[in-house]
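# Dropping a prediction and its sequence here:
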Amino acid sequence: IPEDLVGCAKILMMPIEEFKTTVLQAKKIPSTKLTVEVQKILRELLEEKIAGYESNAKDDKALLKQSAETLSVNKRNAIIVRSGEREIVQSVLDKVKKWKPPTPTPAGSSTGKQKGNPKGQHPNKGKKPYQKK
């Protein structure tokens, strides 16, 4: 899901006072990390956008099969643009629907990775630096 879309959605969802203090005055952009709340809003907006098209993909394909004599170049190009736009919106909607929030890790649990050296030494202490032969 495009980070710009998530960030834009978060800005649009902000109360006006928070927008003024955070974005306008402090010049801080909200995190682009997708949340359940943003997912819900994006899903609703994208579904509404898809529903707003006057035709569906099948109709557009049928129109494009018509001969060049029946369709003007402008009409044909408009159908191609509309069809491409619908595909993009549908693709993002599919990604939004599939997104699952990350499962929180319980407090105090580790991810299995240990940082640093257990003895508190620098990780390269006592090792020879890489030398080319």
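Here it is on my side, so go on.

# can we go C-alpha only for contacts and neighbour counts from here?
Noted.

# Next, the buried residues of the lowest-mean-pLDDT helix or strand in the chain.
Using mean pLDDT, DSSP states H and E, helix 57-65 stands out as the lowest-scoring helix or strand of the chain, at a mean of 88. Buried residues in helix 57-65, counted by 16 or more other Cα atoms under 10 Å: 63, 64.

# what does it rub up against?
With contacts defined as Cα atoms under 8 Å, 6 or more residues apart in numbering, helix 57-65 is touched by 76, 79, 80, 83, 86.

# gap between that helix and the chain center?
The chain centre lies 29 Å from the centre of helix 57-65; the measure is Cα atoms, centre = their mean, to the nearest Å.

# still on that earlier bit, just the buried ones from the contacts of helix 57-65, in PyMOL syntax?
If you want just the buried ones from the contacts of helix 57-65 in PyMOL, going by 16+ other Cα under 10 Å, the selection is:
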select buried, resi 76+79+80+83+86
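
# Make a markdown table out of the contacts of helix 57-65 and add pLDDT, secondary structure and distance to residue 53.
What follows is the contacts of helix 57-65, written out as a markdown table (pLDDT from 0 to 100; DSSP: H, G, I helix; E, B strand; the rest coil; distance: Cα to Cα, whole Å):
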| residue | pLDDT | secondary structure | distance to residue 53 |
| --- | --- | --- | --- |
| 76 | 90 | helix | 16 |
| 79 | 92 | helix | 11 |
| 80 | 93 | helix | 13 |
| 83 | 93 | helix | 10 |
| 86 | 96 | helix | 8 |
